[in-house]
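Task: produce atomic coordinates for the following.
(2 chains)
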Amino acid sequence: MAEDLTGRDDSLDSTLIQRWKEGDERAATALVERHATALSRYVGSLGERDAADEIVQDTFVRAFSSLEHFRGESSLRTWLFTIARRLVVDRRRSLRRRREVGNLEDVDAATEYTALDSMIASEAQRKVWGAVGKLSPTQREVFLLRVNEGLSYKEIAEVAGTTEGAARVHYHNALRTVKENLND
Amino acid sequence: MTDCSNVEIRELLPDYLSGTLSDARRNEVRSHVASCQDCAEELELLNLVRQAYAEATPPVNVNAIVSALPKRAARPVVRSWRRSHAFQIAAAVSFITLGGISLAVARSFFNGTPGATTPDTMVVAGPAFDTPISFAGGVSDLGDDDIEALLTALESIEALPVTEPSEPPMTGAGRQGS
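Below you'll find the predicted structure:
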């Protein structure tokens, strides 16, 4: 699924939200179209590929349930990522109670990345994919939010529940590790 | 693959790929990358990451998501409790204020007037008191009939609201008949 990852127009989100508040249901469709794929990519990178569709849907349902009160203190995209992450954590906690899965840090990313290897056509992309898969869960999350979604360190800190400085350190450590993995 | 020493430009590479830079910044990055092998390789690496993840993104059903969204009900005219009860609140505040002022006036009348430290003389008038009762010298000076009449009058007074009387209930200052 190739998608244009460029372009984050927060003012367009604000306009769409306002239109939705005024009763324009098509604005809701536009908002979902703008963010659903990025959310799915993010949820998938957290190790929830199979449940991504369901989690993304829940994310939008929750967001729209309280969109009336959204004050725009953070960008809509950041807010959606935060909700999605919380849903992933809740899901893992629920599954862990049933001893079906570990917590967010216990995802066996290497196994999953190997299984998905065939989905990527390019050899170069496969190597990069494998190198990213060897990162720690926190490093990988920060790195992908920065590279794939273009979030600032401040936004990453908001989503991942860390500090701006820590997010910067995680990003650069991750980048260095990926480069080392590619050189091995 | 080594790291360029220009940290500022390296920090901008993800934003360059995301298309969130201003034109000036974008040109600055492009110009640097054109002459820097390290940054060109790093930019290529970041771009490969983006492409790989774009291909492996789990599919989403936009229509199903939109269908599941809570329907937006017509917004009723919601008036806050405070606004809808403004008149009642104002009336209650006025009532309490006037009552307080009445009490203060009555107290100052009893206590603040020179020579009138105690309500030695009282005239009570009301529905149960067609004929004013007057006494002087204290309760001990009242006869049984007077006390009975006074108690009857007090029972009827308790039910009356506390408002500022048109005339002070006390007549005169100082003892009468002493």
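
So which elements touch the one helix or strand residue A:87 maps to?
For residue A:87, the host element (DSSP states H and E) is helix A:76-97. Applying 3 or more C-beta pairs under 8 Å, 6 or more residues apart in numbering or on different chains; DSSP states H and E, one finds that helix A:76-97 contacts helix A:10-21, helix A:25-45, helix A:52-65, helix A:153-160. C-beta here means a position set from N, CA and C on the backbone, and glycine is covered the same way.

which one of those has the lowest average pLDDT?
With a mean of 89, helix A:10-21 has the lowest mean pLDDT of those.

can you give me the angle that helix makes with helix A:76-97?
Interaxial angle, helix A:10-21 versus helix A:76-97 (axes from the mean of the first three to the mean of the last three C-alpha atoms, to 10 degrees): 80 degrees.

on that earlier part again, can you list the buried residues in the helix holding residue A:87?
A:76-85, A:87-88, A:91-92 (16 or more other C-beta atoms under 10 Å in any protein chain shown).

And these, which two are furthest apart?
A:76 and A:92 (24.8 Å; C-beta to C-beta).

Just give the closest residue to the residue in chain A that chain B sits nearest to, not the sequence neighbours.
Closest to chain B within chain A is residue A:150: 2.8 Å, counting by C-beta to the nearest C-beta. Excluding its sequence neighbours, the residue lying closest to residue A:150 (C-beta to C-beta, 6 or more residues apart in numbering or on different chains) is residue B:18, at 2.8 Å.

What does the pLDDT read for the closest residue to chain A within chain B?
Nearest to chain A, among the residues of chain B, is residue B:18, at 2.8 Å (C-beta to the nearest C-beta). Listed pLDDT for residue B:18 reads 93.

you'd agree it is up against residue A:152?
No - using C-beta atoms under 8 Å, residue B:18 is not in contact with residue A:152, being 10.1 Å away.

Tell me if residue B:1 really is in a helix.
No - going by DSSP: H, G, I helix; E, B strand; the rest coil, the assignment for residue B:1 is coil, not a helix.

any weak-confidence spans in the chain?
I'll assume chain A. Scanning chain A for pLDDT under 70 picks out A:1-8, A:100-121.

you looked at the wrong chain, it should be chain B
B:73-87, B:89, B:109-142, B:150, B:154-178.

For it, which residues are neighbours of chain A?
Residues of chain B lying close to chain A (C-beta under 8 Å from any C-beta of the partner chain) are B:1, B:3, B:14-15, B:17-20, B:42, B:45-46, B:48-62, B:64-66, B:68-70, B:72, B:74.

Could you tell me which of those belong to helices?
B:14-15, B:17-18, B:42, B:45-46, B:48-55, B:62, B:64-66, B:68 (DSSP state H).

Could you write me a PyMOL select line covering just the buried ones among the residues you listed?
Selection of buried members from these for PyMOL, criterion 16+ other C-beta under 10 Å:
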select buried, chain B and resi 14+15+17+18+42+45+46+48+49+50+51+52+53+54+55+65+66
